[in-house]
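Novice: Here you go, sequence then predicted model.
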Amino acid sequence: MKNGREQYKTAIEKELKLVRKQESALIHEFAFQLKADRASLKKLRKTVKMENLKNMAVSGGEGIGLGLLGIGLPDIVIFTGLLLKGIYETALRYGFDYNSEKERYFILKLMEVSVKKDEDWEEGNREIEEFLSGGMEEKNW
């Protein structure tokens, strides 16, 4: 068990990593605005793809590890946390801020619709399209 000082140090290190990712996203966004050509887009996609592969490997390892141990319920919470972490990191790399209520709603709506099927999926997809076009009023989301 970690003592208070070690927990504090771990929390500071995690926050520092997040700040560095946010700074990196701002730098990418600024560079893209200056020079938005195919080469810079290709480089950005490659960077994001590598980070997504790392996140997928961590998620897979977590799922396999907890599955082998027979731990089910915490697995759902951990998986959801890792999924959100991956989505947030991807958003930052493409220059989107996920801190606004509107962006968080959009992320959760995408996750919800991704697990739906048939007519429910189509309805959810329509809702996302309406949200993106600005047709959804704030009180409906």
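Specialist: Received it, and whenever you're ready, just let me know what you need.

Novice: got any ranges where the chain has weak pLDDT?
Specialist: 1-4, 8, 26, 28-37, 40-41, 59, 63, 66, 70-75, 135-141 (pLDDT under 70).

Novice: Swap in 80 and give it another go.
Specialist: For the chain, the stretches flagged by pLDDT under 80 are 1-45, 47-48, 51-80, 82, 92-97, 135-141.

Novice: Relative to Lys42, how far out is the residue nearest to the spatial centre of the chain?
Specialist: Nearest to the mean C-alpha position of the chain, by CA atoms, centre = their mean, lies Ile87 at 1.1 Å. Distance, Ile87 to Lys42, by CB to CB, to the nearest Å: 22 Å. For the C-beta atoms, the positions are set from N, CA and C on the backbone; glycine is no exception.

Novice: how far does the helix or strand hosting Lys54 sit from the chain's center?
Specialist: Per DSSP states H and E: Lys54 is located in helix 38-69. The chain centre lies 11 Å from the centre of helix 38-69; the measure is CA atoms, centre = their mean, to the nearest Å.

Novice: same question, stretch 115-123
Specialist: Stretch 115-123 sits 22 Å away from the centroid of its parent chain (CA atoms, centre = their mean).

Novice: Need the residues that contact it.
Specialist: Contact with stretch 115-123 is made by Val113, Gly124, as judged by CB atoms under 8 Å, 6 or more residues apart in numbering.

Novice: Show me where the chain has its helices.
Specialist: 4-34, 38-69, 73-93, 101-114, 118-132 (DSSP state H).

Novice: Check which helices and strands the longest one is in contact with.
Specialist: The contact analysis (3 or more CB pairs under 8 Å, 6 or more residues apart in numbering; DSSP states H and E) places helix 38-69 against helix 4-34, helix 73-93.

Novice: looking at these, which is buried most?
Specialist: Comparing the helices and strands packed on helix 38-69 by mean neighbour count (mean count of other CB atoms under 10 Å), helix 73-93 ranks first with a mean of 15.

Novice: when you compare where that helix runs with where helix 101-114 runs, what's the angle?
Specialist: With axes from the mean of the first three to the mean of the last three CA atoms, to 10 degrees applied, the angle from helix 73-93 to helix 101-114 works out at 130 degrees.
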